[in-house]
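Peer 1: My questions concern the predicted model and sequence given below.
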4 protein chains.
Amino acid sequence: MDELDLQQFAVGIDLALEAKELAESGGHGPIPGVLSEITDEEGIKITRLQVQNDEGARALGKMPGHYVTFEVPDLRKLDTGLQDRVATKLAQEFESFLARIGIGKKANILIVGLGNWNVTPDALGPLVVENVMVTRHFFELMPDQVSPGYRSVSAVAPGVLGITGIESSEIVQGIVERAKPEVIIAIDALASKALERVNTTIQIADTGIHPGSGIGNKRRGLTKEILGIPVIAIGVPTVVYASTIVNNTIELMRNHVQAQNGNTDHIFGLINKMEEKDRLQLVREALGPLGHDLLVTPKEIDQFIEDIANIIASGLNAGLHDAVDTSNVAAYTH
Amino acid sequence: MDELDLQQFAVGIDLALEAKELAESGGHGPIPGVLSEITDEEGIKITRLQVQNDEGARALGKMPGHYVTFEVPDLRKLDTGLQDRVATKLAQEFESFLARIGIGKKANILIVGLGNWNVTPDALGPLVVENVMVTRHFFELMPDQVSPGYRSVSAVAPGVLGITGIESSEIVQGIVERAKPEVIIAIDALASKALERVNTTIQIADTGIHPGSGIGNKRRGLTKEILGIPVIAIGVPTVVYASTIVNNTIELMRNHVQAQNGNTDHIFGLINKMEEKDRLQLVREALGPLGHDLLVTPKEIDQFIEDIANIIASGLNAGLHDAVDTSNVAAYTH
Amino acid sequence: MDELDLQQFAVGIDLALEAKELAESGGHGPIPGVLSEITDEEGIKITRLQVQNDEGARALGKMPGHYVTFEVPDLRKLDTGLQDRVATKLAQEFESFLARIGIGKKANILIVGLGNWNVTPDALGPLVVENVMVTRHFFELMPDQVSPGYRSVSAVAPGVLGITGIESSEIVQGIVERAKPEVIIAIDALASKALERVNTTIQIADTGIHPGSGIGNKRRGLTKEILGIPVIAIGVPTVVYASTIVNNTIELMRNHVQAQNGNTDHIFGLINKMEEKDRLQLVREALGPLGHDLLVTPKEIDQFIEDIANIIASGLNAGLHDAVDTSNVAAYTH
Amino acid sequence: MDELDLQQFAVGIDLALEAKELAESGGHGPIPGVLSEITDEEGIKITRLQVQNDEGARALGKMPGHYVTFEVPDLRKLDTGLQDRVATKLAQEFESFLARIGIGKKANILIVGLGNWNVTPDALGPLVVENVMVTRHFFELMPDQVSPGYRSVSAVAPGVLGITGIESSEIVQGIVERAKPEVIIAIDALASKALERVNTTIQIADTGIHPGSGIGNKRRGLTKEILGIPVIAIGVPTVVYASTIVNNTIELMRNHVQAQNGNTDHIFGLINKMEEKDRLQLVREALGPLGHDLLVTPKEIDQFIEDIANIIASGLNAGLHDAVDTSNVAAYTH
C-alpha cells in the first residue's frame, strides 16, 4: 500500500481517533475494516482501534495496526492521584503492545524522544528521555550484577533537522545499527484537531512514526520498513491549528443552538449544511492569506509538558521492568 | 471616574487599539474624546491614541492618557535588522513619554517586570528585567565615578501571587518606599483579541497597570494613585482566548466571502448580522461548558518571548541612558 | 556590641561550627561563653552551639544566639531515604527555633531566598522559594476557607545587587513593611573552610543574616535590629575558597604523616609549627598576586543544589504547617 | 604504539601543555621528539606543540600529533572585545588544522559536542552544538540554492552513558556511518592541573578524543582508528582536582618564599625536596580516605561556560565557512 496515498487523505491528522471521527462524520455508520472498543473508568477513557486491512486504512488515512488512545480531560487539573492511575494503565498497555508483537521480557529496548527541546510544546520526547530509567550500560559493563526484573533499556533524543542538520530518522538508524535494540518506542508531540484534546490525550500505536506526522514535519519516518525492527509510537497532541479550533467551535456552536431548539439553518445559513471538510477549507482560506493559521498551544504548556512527560516515563519504567511496579514507580522518575 | 465602571466595558481587552476597534465596530465614525494618528514606515506601524477625557474613556473602557502601539507583523520572522529598528524607535518613544510627563534626564527609574517566570508566555517582564542595564547601585556606592550620560536605573521582578503569596503591587509599593524612584516603567504580558497581534505588537501607555489586565489577573494595579509616582506601562500580547480566535476568524470568513462577491447573508445566516459582542457571547457559550475557552499562545512562544524581551530591553537601555544609543545598544543587552 | 569588631575576627567564616573549630585550634580547651552539644544518629550529626554572651561572641566572631548545624556527609550520595530523614529532622528543628523565640503556631512567616538564580551555587535561596508552599494569599482572600493546620506563609527571592541595583535587605525591608510578617526565615548559600562540608551541611541560626556573610557579599544584613522582627537564617555552604582547601589539606597531610609515625617537623619544616591563621596567610599570599584564590564548588553542583533546596523546602513545609507532616511532606514540594 | 601504555603515564592529564610541564619538571631540558613554539600577543598566549614520534609520545603520555593551546587569563573578565579576538584567532587555527590534514573547503564536517548538558561544567560540548550554524540539510534538500562560501556542517550532542545507556562513541559511529562526514570536530570539557587554566584555556589537537580523557570518563574514544575519518578535538578545562589545586599551590608557596629570599628547606622541610609526583601522591593519600578529592569548578561556571561556548561556536562558524568572517561572525551565533 502506498504511503503517499494515505497522506492525501489525512494531512495533519495525527490521532487515529480523530481520523475515525472525520471518516464517520459523513454518517454512514461503522467503517469497514476498522474495529473499535471504548472503556471509560475513573475519568480515563480508553479507545482501542484496530485498522484491520487496506480498506480500513484507506478510510482512515492510517496504516493498518493497533491504536490505543487515552483521553483524560482532568489531566490539566494537576491531580497527582489521577496522574499515578494513568501511568499505571499506560504501563499495562505498554506490556500488552510488546506481548502482541511478540517481544519478550528480556528484549532490549531503545526509547527515542523525537522533537525540539528548545520549543516547549515539541519538547515532550526529549523530556521523557531525561526521565526514563536507562539500564543498557549495566547489562553491557556488568551483566552478572544486574538484579532480576530489569531489562536492557537505552534512550536517545536525536534532535531536529534545524539543530543537527541530519534527519532524526537517519540518526536513529545509525544508532540502531550500533546498539542493536529489538524494538523501538518512540515518543513524539502531535497536532490535534480539538483544543480539548491538547495535553489530555495519549495515543499508543504499533505502526511507527510516519513522515509528516508530529509537530516537527519529519520527511522520513521511523518504521519497521526503514529500521528493520518494530516501532511502537507514543504520541501526545500538544498543539492545534487555529483553523481547526475555529472549525471545531462552529460545530460546537451549532450543537449549542440546536440544544436550545434554535433553527440552525436560520442562524448559520449555508454554513450549517457544509461538510466539515468544506467548512475547514473556507476557514483556512480566510486565515491563510494573512498567515494566521498558526499552531497554538495552551498558555500553561510548560507545566503540562512536564507532567505528561513524567506520566509517560513512569508508565515506561513500570511497563518495561518487572521489578518496577505501580507502588514504587515514582522513585525511578525525576 | 470609577475604575470598576470601565471594567464592565472592557473585560479582557488589554490593547487600547483593540478597544478602539471594538468601539468603532458599530460604525458611527470617530469616537468623541479619542484622538488617533497612524504612521507606517519600513514595516513598523505606529498608532498614537490619546484618550482625552471621561467621554473617550467610557467609550473605550480605557483610562484617559496616551497609548502608543507598535504593530510589526514581521517580528515573527527572526529578522535581526528589523529587531534593531524596532528597538531604536522604542527608545525614542520611551524618551517622549518621559519628557511628556515631565521626567528629567537624571530622574531615578524603577523597571518592574510583572508576570510568572515559570510560564513562558507570562515571562516577558522578568526576562526584560534580566536584560536591562541596572545602574542604581553605582550611583549609591560610588556616585562620583559614574560616567556622564547614565541615570540611576533599578529593576525588579516581583513574581506572582501563586509563588509569593503577596500581591505584586504590594511588593512594588514596598520597594518604591525604600528605593525612592521618580517613575516606574512596568512590563507585562497581555491578552489580545487577534492571533496575528500576538508577539508582534508592543503598547506603551502612561496610565499604569490596572487590576485584571495582563495575563496574571492582578487584583491591585500599579498606578500613580497607588504608588504616588507616574507609571509607564509596556505591554505585549502573548496570548489570545480561543473564543476571540473563533470570533475574529468568522469576521475574516465574512470578509473573504464578500471579497469573492458571495452572499454573506445566505452563507452565514443570522451570524452575518450579529453585532460582534453578541457573536462573541455565542462563541463563549458554545465553548464555555466544556471549559474549552483556554488562553493559547503560538507554538514558537519560547523564541518569540526571548526576542521581544531583548528588543524592549535594548529600547530601554538606549532610551534611558544618553550614553547608550542605537549603534551600541546591543553591547548592553544579553 | 560592635558588629564590625566581630568582622575582624571572622572574615569569611560563615559556619559557627568552623569559627569554633578555629577558636579551639589554639588548644586551650572549652571556650568561655560558648555551650555546645553534639548528637549523631543514622548518619546525621547535629551540633548545637549557643553563644551565650559577648565573651563567647568575641571568641568565635559570631553574634550571641543559637546555631544548630546538620552534617550529613552522605547527602552527596543521592539517597532519597536519607534526604527524607534530614527533612524530617529539619522540620523539628524549625519548630524548636520558632518556639524558643516565642513565635506561635498562627504567626505569619515570610521566607526570603537570598542569592543569584543565575549562579548555580548561589541559587539555593531562590530555589527554596520556588519549592515552598505559600498560603498567605488564601488567608488574605478567603480566610474562612483555609483548613486548620496551616499558617500564613509568603516567600520572595529579592535578587542580588547586580541584577536589581537595590540591596536585597532594602527590598526585604520594603516587603516587610507591606506584608507585615511576624518572623523571617532567610535561606542563603555560604562559603565553607572545608571542601567536605560543601553541600553536606545545613546551619540554622536565630541571629539573622549579617553583612559580608554568604556568597553574595551583602553590605546590609537581615537582622532584628534592621527589620524589627526576628530573623532565622538557614545557610548551606556551597562554595569554598581555594586557599582554605589548600590550608585544610596541609593539615590533613600532617595528620596523615603523623598517623604513619612520620616525623612531621622533618617533613613539613616550619610549616608544621605555624598557627593555622599564619599558614592560611602564607597560602593566600602565594595565591593572591595571580588572582587564583577563587571560590570553587564541586562539579556536581547542579544536582546538589536541587536536592538540598528540596530537603529544606520539605523541612519548612512540614515544620511550618501542622497539617503537613513527615508522611506527606513530599506531596507539597516539587 | 599501545594506547594503554600512554595512559599509565598521564592519568588525568588532559592538556598536552601540562603533560609537557610535568615532563620538564625533572629539569633535563627540551624533550626529544617534542617541538614547541610560543607566541603571545594582546593577552592571548598560543603554544604550538608537536609530538613528533613515539619517543615524544612516551615522554608526554600524549599521542603523536599537533596540539595548539590558547591561554587567555582575562577570559574571565567578560571582555567582549577580547572574546571576539579569541574567536577570530580560533577560526584561523581551525582553518590551519583542516588544511594540514588535507581537508578541503568543500568537505562535510560533523561537529560532536561531548558531555552532559545537566552538569554545567560538562555542558560545553552540547552548548557549542546549540550555537553553531548547521547547513547539511540545505545541501541535502536544495543543493542548488546554497550560496557559495558555505560548506556542509552537521552537529550532534550524543549525551552521556548515564542518560542514554549507550557509549557516546558508539552513537557517533552510527551517525558517521549514516551521515558520511569527512572529518569530525569534537568538543569536550577537560580537567586541568591548575585552577588558573580553568575556563581560560582552549586546546585544539588533531589526535582525536581518547578513552578516559575529559570529565565524563569515556571508555571508548573518538579517533581515526575507530571512526575511519580524522578527528580534531577542541578541549577546555572546566574542572580541577582538589588535590592538584593543593599540590600546585604548595609549589606557588615555595616560589613565593624563595622570592622573598626565605630558606625553603627550613620552612618546607622534606616537602621542599620532593618530586612533584611524590608530593601529589602524598596529597592524594591525605585527601583520599575521606573522599575529599573532588573535581571542583569556579563558582561563576554558568557564565564562563556560556561565554566560552559562544567563542568556540563563533570560531567554528568563521573558520568553517568562507562566507562568515570576523566582521559578521556574531550574527551567526546566538
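Peer 2: Right, received. Where do you want to start? Numbering: from 1, shown residues only, chains lettered A, B, ... in the order given.
Peer 1: Return the residues of the stretch 51-200 of chain A in contact with chain B.
Peer 2: With the criterion set to CB under 8 Å from any CB of the partner chain, the stretch 51-200 of chain A comes near chain B through A:118-122, A:195-196. C-beta: built from backbone N, CA, C; applies to glycine.
Peer 1: Which of these ranks first by neighbour count?
Peer 2: residue A:121 (31 neighbours; other CB atoms under 10 Å in any protein chain shown).
Peer 1: That one reaches residue A:302, doesn't it?
Peer 2: No. Here residue A:121 lies out of contact with residue A:302, judged by CB atoms under 8 Å, at a distance of 9.5 Å.
Peer 1: Now the stretch 201-334 of chain A against chain B: closest residue?
Peer 2: residue A:269 (3.0 Å; CB to the nearest CB).
Peer 1: Excluding chain neighbours, what is closest to that residue?
Peer 2: Using CB to CB, 6 or more residues apart in numbering or on different chains and skipping residues adjacent in sequence, the residue nearest residue A:269 is residue B:269, 3.0 Å away.
Peer 1: Can you name the residues that contact that neighbour?
Peer 2: Contacts were defined as CB atoms under 8 Å, 6 or more residues apart in numbering or on different chains; by that measure residue B:269 touches A:265-272.
Peer 1: mind listing which of those are in helices?
Peer 2: Counting by DSSP state H, the part of the contacts of residue B:269 found in helices is A:265-268.
Peer 1: quick one: residue A:211 is in a helix?
Peer 2: No. Assessed with DSSP: H, G, I helix; E, B strand; the rest coil, residue A:211 is coil; it does not lie in a helix.
Peer 1: Would you agree it is in contact with residue A:221?
Peer 2: Yes. Counting by CB under 8 Å, residue A:211 touches residue A:221, with 4.9 Å between them.
Peer 1: Please tell me how far residue A:311 sits from residue B:17.
Peer 2: Separation of residue A:311 from residue B:17 (CB to CB, to the nearest Å): 42 Å.
Peer 1: same question, residue A:74
Peer 2: Residue A:74 is 38 Å from residue B:17, by CB to CB.
Peer 1: Settle it for me: which of these two has more neighbours?
Peer 2: residue B:17 (25 against 14).
Peer 1: Double-check that the more buried one belongs to a helix.
Peer 2: Yes. Under three-state DSSP, residue B:17 falls within a helix.
Peer 1: Quick one: residues contacting it.
Peer 2: Residues in contact with residue B:17 (CB under 8 Å, 6+ apart) are B:47, B:49, B:67, B:69, B:71, B:201, B:203.
Peer 1: same deal with residue A:191?
Peer 2: A:12, A:14, A:214-215, A:237, A:239-241, A:295.
Peer 1: same check, this time on residue A:83
Peer 2: Listed by CB under 8 Å, 6+ apart, the contact partners of residue A:83 are A:75, A:307, A:310-311.
Peer 1: hmm, try it at 6 Å
Peer 2: The neighbourhood of residue A:83, defined by CB atoms under 6 Å, 6 or more residues apart in numbering or on different chains, consists of residue A:311.
Peer 1: next one: phi and psi at it?
Peer 2: Torsion angles at residue A:83 (phi, psi; degrees, to the nearest 10) stand at phi -60, psi -40.
Peer 1: Turn the contacts of residue A:191 into JSON lines, columns for secondary structure, distance to chain B and pLDDT.
Peer 2: Converted to JSON lines, the contacts of residue A:191 look like this (DSSP: H, G, I helix; E, B strand; the rest coil; distance: CB to the nearest CB, whole Å; pLDDT from 0 to 100):
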{"residue": "A:12", "secondary structure": "coil", "distance to chain B": "14", "pLDDT": "56"}
{"residue": "A:14", "secondary structure": "coil", "distance to chain B": "14", "pLDDT": "89"}
{"residue": "A:214", "secondary structure": "coil", "distance to chain B": "12", "pLDDT": "78"}
{"residue": "A:215", "secondary structure": "coil", "distance to chain B": "7", "pLDDT": "77"}
{"residue": "A:237", "secondary structure": "strand", "distance to chain B": "12", "pLDDT": "96"}
{"residue": "A:239", "secondary structure": "strand", "distance to chain B": "5", "pLDDT": "95"}
{"residue": "A:240", "secondary structure": "strand", "distance to chain B": "8", "pLDDT": "92"}
{"residue": "A:241", "secondary structure": "strand", "distance to chain B": "10", "pLDDT": "88"}
{"residue": "A:295", "secondary structure": "strand", "distance to chain B": "4", "pLDDT": "90"}
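Peer 1: how about low-confidence regions in chain A?
Peer 2: When the per-residue scores of chain A are filtered using pLDDT under 70, the ranges that remain are A:1-12, A:26-28, A:217, A:289-292, A:326-334.
Peer 1: What ranges does the stretch 51-200 of chain A have for its helices?
Peer 2: Under the criterion DSSP state H, counting those that start in this stretch, helices of the stretch 51-200 of chain A are mapped to A:54-60, A:80-100, A:124-131, A:136-141, A:161-164, A:168-179.
Peer 1: Export those as a markdown table, with columns for distance to residue C:189.
Peer 2: As requested, the helices of the stretch 51-200 of chain A are arranged in a markdown table below (distance: least, CB to CB, whole Å):
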| stretch | distance to residue C:189 |
| --- | --- |
| helix A:54-60 | 57 |
| helix A:80-100 | 30 |
| helix A:124-131 | 26 |
| helix A:136-141 | 34 |
| helix A:161-164 | 34 |
| helix A:168-179 | 40 |
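Peer 1: Just name the most buried of the ones you listed.
Peer 2: Ranked by average neighbour count under the criterion mean count of other CB atoms under 10 Å in any protein chain shown, the helices of the stretch 51-200 of chain A are headed by helix A:124-131 at a mean of 26.
Peer 1: hmm, who's touching that one?
Peer 2: Residues lying outside helix A:124-131 but in contact with it, judged by CB under 6 Å, 6+ apart, are A:113-115, A:117, A:155, A:157, A:187-189, A:236, A:305, A:309, A:312-313, A:333-334.
Peer 1: Which helix or strand contains the spatially most central residue of chain A?
Peer 2: With distances taken as CA atoms, centre = their mean, the residue of chain A nearest its centroid is residue A:235 (1.6 Å). Following DSSP states H and E, one finds residue A:235 within strand A:231-241.
Peer 1: That strand - contacts with which helices or strands?
Peer 2: strand A:183-192, strand A:201-205, strand A:295-298 (3 or more CB pairs under 6 Å, 6 or more residues apart in numbering or on different chains; DSSP states H and E).
Peer 1: which stretch among those comes nearest residue D:178?
Peer 2: In this view, the helices and strands packed on strand A:231-241 are compared for proximity to residue D:178 by CB to CB, and strand A:183-192 is the closest at 15.6 Å.
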